[in-house]
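Participant: Have a look at this fold, sequence not included:
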């Protein structure tokens with residue numbers, strides 16, 4: 001496997017243990033940790049920073065550090081690598097809404113990263129799952 005990309009929730013759940021992940025996802029994560037091909041996007045740090053600002057009744061992530069420190073510790077804890085957002089990924093992210101109708105900016109960058117790098121994304125996101133199911137070959141995913 002050339003690598004896998006963790007979506008934001010998958011990373012948070014993996015590190016926090018807040019939600020158990022499916023065996024298939026855990027196997028893919030473990031295999032890619034061992035080969036140094038478990039990837040994150042910097043957009044995940046942005047999504048976590050936005051989510052952490054939610055009021056308590058909206059169930060924000062419970063981080064025991066600043067976003068920067070939590071993300072740095074999560075990278076170490078998961079033995080993951082951050083893939084940069086280059087020009088090609090940025091342009092692809094801008095095309096995702098045109099190609100799919102999906103407009104969440106964080107998801108657009110995650111989808112673009114997975115597509116450009118030609119790696120599956122580990123996710124449970126219902127919109128991304130539907131997108132992959134309705135557009136065979138557009139996006140590979142592993143359900144977490």
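Facilitator: It's in. Predicted, not measured: the structure shown is a model, and the values here were computed from it.

Participant: Can you tell me how far residue 82 is from residue 71?
Facilitator: Distance of residue 82 to residue 71, computed by CB to CB, to the nearest Å: 9 Å. For glycine as for every other residue, the C-beta is placed from the backbone atoms N, C-alpha and C.

Participant: With neighbour numbers in mind, choose between the two.
Facilitator: Comparing residue 82 with residue 71 by other CB atoms under 10 Å, the one with more neighbours is residue 71, at 22 against 14.

Participant: Test my guess that the more buried one contacts residue 44.
Facilitator: Yes. Look at residue 71 against residue 44 with CB atoms under 8 Å: they come within range, at 7.4 Å.

Participant: and residue 110, what pLDDT?
Facilitator: If you check residue 110, the pLDDT there is 97.

Participant: What residues of stretch 29-40 count as buried?
Facilitator: By 16 or more other CB atoms under 10 Å, the buried positions in stretch 29-40 come out as 29, 32, 37, 38, 39, 40.

Participant: List of residues touching it?
Facilitator: Outside stretch 29-40, the residues within contact range by CB atoms under 8 Å, 6 or more residues apart in numbering are 1-6, 11, 14, 21, 74-75, 78-83, 113, 117, 119, 122.

Participant: Now with 7 Å, please.
Facilitator: Around stretch 29-40, the neighbours that count as contacts under CB atoms under 7 Å, 6 or more residues apart in numbering are 1-6, 11, 14, 75, 78-83, 119, 122.

Participant: Mark which of those residues are part of helices, please.
Facilitator: Mapping the contacts of stretch 29-40 onto helices (DSSP state H) picks out 11, 14, 75, 78.

Participant: Can you flag the buried ones in the residues you listed?
Facilitator: Using 16+ other CB under 10 Å as the burial test, the ones in helices among the contacts of stretch 29-40 include 11, 14, 75, 78 as buried.

Participant: who's in contact with the nearest residue to residue 77 once chain neighbours are set aside?
Facilitator: In space, and not counting its chain neighbours, residue 77 is closest to residue 15: 5.8 Å by CB to CB, 6 or more residues apart in numbering. Residues near residue 15 by CB under 7 Å, 6+ apart: 74, 77, 78.

Participant: give me that answer again for 8 Å
Facilitator: Residues near residue 15 by CB under 8 Å, 6+ apart: 73, 74, 77, 78.
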